[in-house]
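> starting from these lines, generate the structure:
(2 chains)
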2 protein chains.
Amino acid sequence: MSKLLIVGTVAFDAIETPFGKTDKILGGAATYIGLSASHFNVDSAVVSIVGDDFPQEYLDLLKDNKINIEGVEIVEGGKTFFWSGKYHNDLNTRDTLETQLNVLADFNPVVPDSYKDSQFVMLGNLHPLVQLSVLEQVSDPKLVVLDTMNFWMDNTLDDLLKVVAKVDVITINDEEARQLSGEHSLVKAARKIEEMGPKYVVIKKGEHGALLFHKDQVFFAPALPLEDVFDPTGAGDTFAGGFIGYLARTGDISFENMKSAIIYGSNLASFCVEKFGTERMQALSGSQVNERLLDFKKLTQFETQLP
Amino acid sequence: MSKLLIVGTVAFDAIETPFGKTDKILGGAATYIGLSASHFNVDSAVVSIVGDDFPQEYLDLLKDNKINIEGVEIVEGGKTFFWSGKYHNDLNTRDTLETQLNVLADFNPVVPDSYKDSQFVMLGNLHPLVQLSVLEQVSDPKLVVLDTMNFWMDNTLDDLLKVVAKVDVITINDEEARQLSGEHSLVKAARKIEEMGPKYVVIKKGEHGALLFHKDQVFFAPALPLEDVFDPTGAGDTFAGGFIGYLARTGDISFENMKSAIIYGSNLASFCVEKFGTERMQALSGSQVNERLLDFKKLTQFETQLP
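Now for the predicted structure:
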């Protein structure tokens, strides 16, 4: 069984969308990635940090989903990272209302000994130096996937570029790909980003799907058209978790297999947005996942008859 | 051989994009639709109107592409419809700089006798009463496709709804679908529009592809990711021309076959945007079309292995 090491936030979120708002609920990139990857039969572990205000039930939830939390440091007297945001009416944009770094400010990630030989490493969105530190503790990974965002491009670009240079796959959204590359065309942006290190570039376009680039090859997975999108929080992390989870499960990191991985990621993300926070992902069964996978096939697969 | 009747503008365009600008060049919905549909072995005819300022070489161009122009009225002393627009830097939005209706203001479309039994009818973007008049002159069409835009929703909604009620397929862009239906979710929008008449709803999302809805079924075709988009003018018409051209060629109007039709339309549209106006479409060979069709397959088709 492949080992999948995940670094990222385990956090409190407070979310407001046109459909309602939540108090502090379970959130964080590593949480979403872990829950999503738990749909594949892999041995996954999270490296993160929380305060002692973090409820035991949330930690139990991760454990119940067979996620090893040995690497989640609990700081006595510390407070857990908190993010609060409000989505606009189209749900495509949001304002951050509040960010409390709390224990994340002094996070020194320690990879458990038993996961230093992980074949798959998911560097969830976090300070690039934290991502780098985790990567340096892993001996010989088969595939490293990096997720990041514009905040690190704006504030710690040099550090970010160091991590970018060391990973196999990067996942970023379209605007971030344009910012990082200075190119408007996503084809050109992907090519420039490949020159920075990653052999594979995944560009996430939210409701417009995701593109996978590798040299001259390109693959596209749509987002499933949904009647209602309730809360986009965590969709990108869920996508990434499904992507690397599928690759870790199959052990096949060819471009062809990455196509399926992108579809799996999109499929899992389509559930995530149906309820607030992690609610939908907590209640998601394997048969529901497989059923919707058939919807994805119907949505995209065709028989072309040449005239 | 199926007959395909096309109504729409045959016009002059002056276009400005971030990459350059043109003087008055050949344009018009029917022009793009006709050129696109000419890639299928169908007997197509255009119903339109021009002034005597319209160059013979443009009419010859249509004829050379085996498009019957018996139904293109040439008004002595009249001036041809003229549109001028400027695209913004992202090429997704544009400003209309000038619209001169000219001979289009009094257009009374006359369908040639030999095309009154057309099996396929493409109502290109135009005043809904003109579209309606053409439709009433065709005896028993197998499939009628309507293209329209927000201008008619804003100014002649009642007339537009009369046409919408009589067609089999409607193609509109995402914002127009939202405007027509009052629904933000495209799934809900398509359902509401189906209730207005069309059994099939095609929602065009430009660089983000196109969706085909029919009852509970949905299919998605991406736009091909291009290094450079030069001029989006006519892309939607080219898409529609490829869609109905493929259906007319195959004679099969099932949902399954419409999937391929959408792919063909997207494929042809991907060429249209590579040069100014109709330039790329004029020089497009069948082998180039078929070659890029393989790119579309690679872009979207996958083998899913269930874990």
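> contact partners for the most centrally placed residue in chain A?
Residue closest to the mean C-alpha point of chain A, counted by C-alpha atoms, centre = their mean, is residue A:237 at 2.4 Å. The neighbourhood of residue A:237, defined by C-beta atoms under 8 Å, 6 or more residues apart in numbering or on different chains, consists of A:8, A:29, A:30, A:31, A:32, A:33, A:36, A:124, A:125, A:147. Every residue, glycine included, has its C-beta placed from N, CA and C.
> could you count how many residues lie near the last one?
For residue A:147, the number of neighbouring residues by other C-beta atoms under 10 Å in any protein chain shown comes to 28.
> that one pairs with what?
residue A:171 (DSSP bridges).
> what's the helix or strand for the closest residue to the residue nearest to the centre of chain A other than its chain neighbours?
Leaving aside its sequence neighbours, residue A:237 sits nearest to residue A:32 (C-beta to C-beta, 6 or more residues apart in numbering or on different chains; 3.6 Å). Residue A:32 belongs to helix A:29-37 when assigned by DSSP states H and E.
> elements contacting that helix?
Applying 3 or more C-beta pairs under 8 Å, 6 or more residues apart in numbering or on different chains; DSSP states H and E, we find helix A:29-37 packed against strand A:3-7, strand A:43-51, helix A:56-64, helix A:235-250, helix A:255-272, helix A:279-282.
> other residues contacting it?
Residues contacting helix A:29-37 (C-beta under 8 Å, 6+ apart): A:4, A:6-11, A:44, A:46-48, A:62, A:65, A:67, A:122, A:124-126, A:147, A:234, A:237-242, A:244-245, A:248, A:265, A:268-269, A:272, A:278, A:281-282.
> can you give me the helices in the stretch 101-250 of chain A?
For the stretch 101-250 of chain A, the helices defined by DSSP state H, counting those that start in this stretch cover A:128-137, A:150-155, A:157-164, A:174-181, A:186-195, A:235-250.
> what residues does the stretch 101-250 of chain A put near chain B?
Residues of the stretch 101-250 of chain A lying near chain B by C-beta under 8 Å from any C-beta of the partner chain: A:184-188, A:205, A:208-209, A:211, A:217-220, A:222, A:225-229, A:246, A:249-250.
> tell me the buried residues within these.
With burial judged by 16 or more other C-beta atoms under 10 Å in any protein chain shown, the buried subset of those is A:184, A:186-188, A:205, A:208-209, A:211, A:218-220, A:222, A:225-226, A:229, A:246, A:249-250.
> mind checking which of the residues of the stretch 101-250 of chain A next to chain B are in strands?
A:211, A:217, A:218, A:219, A:220 (DSSP state E).
> pLDDT added to those, as TSV?
Formatted as TSV, these follow (pLDDT from 0 to 100):
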residue	pLDDT
A:211	98
A:217	97
A:218	97
A:219	98
A:220	97
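> what about the residue nearest to residue A:237, how many neighbours?
31.
> got it, and residue A:275?
Neighbours around residue A:275, by other C-beta under 10 Å: 15.
> show me the contacts for the residue nearest to it when sequence neighbours are not counted.
Distances taken as C-beta to C-beta, 6+ apart put residue A:230 closest to residue A:275, at 5.6 Å, once the chain neighbours are dropped. Contacts for residue A:230 were tallied using C-beta under 8 Å, 6+ apart; they are A:17, A:19, A:273, A:274, A:275, A:276.
> hmm, 6 Å instead?
Contact analysis of residue A:230 by C-beta atoms under 6 Å, 6 or more residues apart in numbering or on different chains lists A:19, A:274, A:275.
> how close does the first one sit to residue A:283?
Taken as C-beta to C-beta, to the nearest Å, the spacing of residue A:19 relative to residue A:283 amounts to 18 Å.
> so these two - more neighbours on which side?
Each of residue A:19 and residue A:283 has its neighbours counted (other C-beta under 10 Å); residue A:19 has more, 13 against 10.
> residues contacting that one?
Taking C-beta under 6 Å, 6+ apart, one finds residue A:230 in contact with residue A:19.
> do you know how far it is from chain B?
Computed with C-beta to the nearest C-beta, to the nearest Å, the distance linking residue A:19 and chain B is 12 Å.
> list phi and psi for residue A:20.
Main-chain torsions, residue A:20, degrees, to the nearest 10: phi 150, psi -180.
> buried set for stretch A:145-152?
Result for stretch A:145-152 [16+ other C-beta under 10 Å]: buried residues A:145, A:146, A:147, A:148, A:149, A:152.
> and those residues as JSON lines, adding pLDDT?
Shown next, in JSON lines, are the buried residues of stretch A:145-152 (pLDDT from 0 to 100):
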{"residue": "A:145", "pLDDT": "98"}
{"residue": "A:146", "pLDDT": "98"}
{"residue": "A:147", "pLDDT": "98"}
{"residue": "A:148", "pLDDT": "97"}
{"residue": "A:149", "pLDDT": "95"}
{"residue": "A:152", "pLDDT": "96"}
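> need these in JSON lines with distance to residue A:171, can you?
Output for the buried residues of stretch A:145-152, formatted as JSON lines (distance: C-beta to C-beta, whole Å):
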{"residue": "A:145", "distance to residue A:171": "7"}
{"residue": "A:146", "distance to residue A:171": "7"}
{"residue": "A:147", "distance to residue A:171": "5"}
{"residue": "A:148", "distance to residue A:171": "8"}
{"residue": "A:149", "distance to residue A:171": "10"}
{"residue": "A:152", "distance to residue A:171": "13"}
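> hmm, which two among the residues you listed are most spread apart?
A:145 and A:152 (15.7 Å; C-beta to C-beta).
> using the three-state scheme, assign the residue in the stretch 1-150 of chain A that chain B sits nearest to.
Nearest residue of the stretch 1-150 of chain A to chain B, counting by C-beta to the nearest C-beta: residue A:40, 5.7 Å away. Following DSSP: H, G, I helix; E, B strand; the rest coil, the label given to residue A:40 is coil.
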